[in-house]
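Undergrad: just need the structure, nothing else, for what follows:
(2 chains)
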Number of protein chains: 2
Amino acid sequence: MELDIVSANEAFYAAFRGEDLEAMDRLWAQRAPVACVHPGWPALIGRDQVMASWRAILSSGAPAIRCGAARVLMLGDVASVLCEEQVGSDRVVATNVFVREDGRWVMVHHHGSQLVARSVPTPDDSDDDEDLSGDDDEPDVGPN
Amino acid sequence: MELDIVSANEAFYAAFRGEDLEAMDRLWAQRAPVACVHPGWPALIGRDQVMASWRAILSSGAPAIRCGAARVLMLGDVASVLCEEQVGSDRVVATNVFVREDGRWVMVHHHGSQLVARSVPTPDDSDDDEDLSGDDDEPDVGPN
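TA: Here you go, the predicted structure:
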């Protein structure tokens, strides 16, 4: 099953790279509620808003985009995929959520955010009270 | 049910505002897989990484944070909440995902991204081929 989800995730990036609006439309859910947050954008909710955004993005020339480091987290019948995108010279962290409709995994949610942090906590830091920037001032990135 | 989910979402922001690590720990799932993407950060996966990040953030002084415009999307037994956070002078768009464990809604996923876009497509734009920036150059925000 996880392979099917990874394939659905890859199909999303193939449609993006290929500027293939028809494929992009097919891979978003028809009945489940959908939402999309492009990096820096407000939330787009509902199929009309989401597909309007893809129509605008794909018609203006999609950038070279690659996806790596995909990890699938199963939440019952819902699959959440976290992955990193290389978009031109930018790195973007993405949450992509899929559900099953008519026997296939379809996208219901995409949220991308540009990666700017330089350091992250690890489980080894869990006893530390230090902030995340490595100095005593503000963290590199404002929390949440 | 939707009220319970909105309450769970508000409890997350109350724990954040109150720098209450114990409450923050309680409201994240114990058994379901969890993940968190703070704005600009890479994905943190698993309870150890996620709670280490909250320990670091809450111990370094949480900013004034308010949440508004929460909208709940039901995906079967999974609830996705989209909302906007005011974090100091920044606006952040958040995806918060909840599942039920032991009869209560608990958080499994948080993804925040700073809001920087100035214009978004609407369904009324759906027949346009223009990009989203209102001019003929690059969009304000790179698509992902």
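Undergrad: how about A:A62, nearest residue that isn't a chain neighbour?
TA: Using Cβ to Cβ, 6 or more residues apart in numbering or on different chains and skipping residues adjacent in sequence, the residue nearest A:A62 is A:E19, 4.8 Å away. Placement of C-beta: from N, CA and C, glycine included.
Undergrad: er, A:V97 I mean
TA: Looking at A:V97 with Cβ to Cβ, 6+ apart, the closest residue is A:H109, at 3.7 Å.
Undergrad: need the longest helix for chain A.
TA: helix A:2-17 (DSSP state H).
Undergrad: if we can go back for a sec, and the residue nearest to A:A62, what element?
TA: Under the criterion DSSP states H and E, no helix or strand holds A:E19.
Undergrad: all strands in chain A, in order from the N-terminus.
TA: Secondary structure of chain A by DSSP state E: the strands cover A:35-37, A:44-45, A:65-75, A:78-87, A:90-101, A:104-114.
Undergrad: now render these as CSV, adding distance to B:W28 and mean pLDDT.
TA: CSV is the format used below for the strands of chain A (distance: least, Cβ to Cβ, whole Å; pLDDT from 0 to 100):
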stretch, distance to B:W28, mean pLDDT
strand A:35-37, 21, 98
strand A:44-45, 25, 98
strand A:65-75, 13, 95
strand A:78-87, 14, 97
strand A:90-101, 16, 97
strand A:104-114, 18, 98
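Undergrad: looking at those strands, which is closest to B:V34?
TA: Among the strands of chain A, the nearest to B:V34 by Cβ to Cβ is strand A:65-75 (7.9 Å).
Undergrad: just want the angle from the closest one to strand B:104-114.
TA: Using axes from the mean of the first three to the mean of the last three Cα atoms, to 10 degrees, one finds that strand A:65-75 and strand B:104-114 are set 170 degrees apart in direction.
Undergrad: partner strands of strand A:65-75 and their direction?
TA: Within its sheet, and counting by DSSP bridges, strand A:65-75 is paired with strand A:78-87 (antiparallel).
Undergrad: quickly list what the spatially most central residue of chain A is bridged to.
TA: When Cα atoms, centre = their mean is applied to chain A, the residue found nearest the centroid is A:A94 (2.5 Å). When bridges are called by DSSP bridges, A:A94 pairs up with A:C83, A:G112.
Undergrad: name the nearest residue to A:D4, sequence neighbours excluded.
TA: A:W105 (5.6 Å).
Undergrad: same thing with A:G18?
TA: The shortest distance from A:G18 to any non-neighbouring residue, by Cβ to Cβ, 6+ apart, is to A:A62 (7.8 Å).
Undergrad: hmm, A:F16 and that neighbour touching each other?
TA: Yes - if you go by Cβ atoms under 8 Å, A:A62 and A:F16 touch, sitting 5.6 Å apart.
Undergrad: these two: which is more packed in?
TA: A:F16 (23 against 19; other Cβ atoms under 10 Å in any protein chain shown).
Undergrad: if I look at the more buried one, how far off is chain B?
TA: Look at A:F16 and chain B: by Cβ to the nearest Cβ, to the nearest Å, they are 8 Å apart.
Undergrad: now the spatially closest residue to A:C67 that is not a sequence neighbour: how far from B:C83?
TA: Counting by Cβ to Cβ, 6+ apart, A:Y13 is the residue found nearest to A:C67 once chain neighbours are left out, at 4.5 Å. Distance of A:Y13 to B:C83, given as Cβ to Cβ, to the nearest Å: 27 Å.
Undergrad: which residue of these two possesses the greater neighbour count?
TA: Between A:Y13 and B:C83, B:C83 has the larger neighbour count (other Cβ under 10 Å), namely 23 against 18.
Undergrad: could you dump the longest helix of chain A to CSV, C-alpha only?
TA: The C-alpha trace of helix A:2-17 is given here as CSV (Å, rounded to 0.1, in the frame of the first residue of the first chain):
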residue,chain,number,x,y,z
GLU,A,2,2.8,2.4,0.9
LEU,A,3,4.2,1.9,-2.7
ASP,A,4,0.8,3.0,-4.1
ILE,A,5,0.9,6.2,-1.9
VAL,A,6,4.5,7.0,-3.0
SER,A,7,3.4,6.5,-6.6
ALA,A,8,0.5,8.9,-6.1
ASN,A,9,2.9,11.4,-4.5
GLU,A,10,5.3,11.1,-7.5
ALA,A,11,2.4,11.5,-9.9
PHE,A,12,1.7,14.9,-8.3
TYR,A,13,5.2,16.0,-9.0
ALA,A,14,5.2,14.6,-12.5
ALA,A,15,2.0,16.5,-13.3
PHE,A,16,3.6,19.7,-11.8
ARG,A,17,6.9,19.2,-13.8
